[in-house]
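Enquirer: have a look; sequence and predicted model below, questions after that.
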Amino acid sequence: MGYTGSEWTLTFKAPKATNPVAVAEHSTDVRCDTAVPGKTTTGCVIPGITPGITYNSAYYPAFAAHISKAQQSGLPGGWDQIPLHRLVDTTLQAANRNKACPSSWVRPAGKSCDEYPFSSTHEGAYTGGGTARTWPGCEITLPQPSSTGPTGYSVCMITATENSSAGSALDSVLYAPNRVIAGDSFYVGVS
């Protein structure tokens with residue numbers, strides 16, 4: 001991985017002037033890498049621009065509703081909030097997933113457990129800490145009252161195919177094309 005940028009100085013002098021005027025400029029830094037998990041291609045991004053993904057509630061109704069409620073309760077990641085940060089360590093991702101959605105929980109027919117912030121973020125259930133929260137209609141009963149605020153995580157049972165499709169979009173629409181690598185920040189929105 002490397003960073004690059006350009007600097008140049010333009011010097012102007014009128015034919016009869018004695019002192020030239022110089023203007024120095026610097027381009028935006030660019031990061032080039034081969035660090036996107038599962039990809040072998042080299043690509044470049046402008047690291048000073050934080051990418052994001054917006055889930056359309058017409059295509060992902062339950063998933064989008066869950067994210068919306070989670071963000072409204074104070075969890076990070078929304079366009080007007082503190083961003084989420086990519087976690088690529090698969091062991092920690094599994095720990096996030098297992099804490100948020102234990103295998104002991106019964107999944108209603110055709111549904112799977114959705115967690116927010118995602119297991120692929122540093123703000124996930126295990127790595128981010130805090131307690132769980134859920135919402136009416138999520139078919140989850142927590143052992144303690146739901147929390148609010150910027151730490152913790154939200155869980156909800158949603159249609160399994162919708163959950164899987166939304167997770168695939170996270171990779172194919174955000175992570176891979178925007179080269180979101182370990183530690184990079186990103187936003188999640190709902191429309």
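Expert: Great, that's in hand.
Enquirer: so the residue lying farthest from the centre of the chain is in which element?
Expert: In the chain, counting by CA atoms, centre = their mean, Lys16 sits farthest out from the average C-alpha position, at 57.2 Å. Under the criterion DSSP states H and E, no helix or strand holds Lys16.
Enquirer: also Thr50?
Expert: Per DSSP H and E: Thr50 is located in neither a helix nor a strand.
Enquirer: now do Ser68
Expert: Take DSSP H and E as the rule and Ser68 turns out to sit in helix 61-72.
Enquirer: just the buried positions in that helix, please.
Expert: For helix 61-72, a neighbour-count test (16 or more other CB atoms under 10 Å) marks Ala62, Phe63, Ala64, Ala65, His66, Ile67, Ser68, Lys69, Ala70, Gln71 as buried. The way it works is simple: take the backbone N, C-alpha and C, and place the C-beta from them, glycine included.
Enquirer: show me what contacts the closest residue to the first one other than its chain neighbours?
Expert: When you say that, I think you mean Ala62. Residue nearest to Ala62 in three dimensions, not counting chain neighbours: Ile158, with 3.8 Å by CB to CB, 6 or more residues apart in numbering. With contacts defined as CB atoms under 8 Å, 6 or more residues apart in numbering, Ile158 is in contact with Ala62, Phe63, His66, Lys111, Ser112, Asp114.
Enquirer: repeat for Val188
Expert: Gly52, Ile53, Thr54, Tyr55, Ile67, Gln71, Gly77, Gly78, Leu84.
Enquirer: which of those are buried?
Expert: For the contacts of Val188, a burial check counting by 16+ other CB under 10 Å picks out Gly52, Ile53, Tyr55, Ile67, Gln71, Gly77, Gly78, Leu84.
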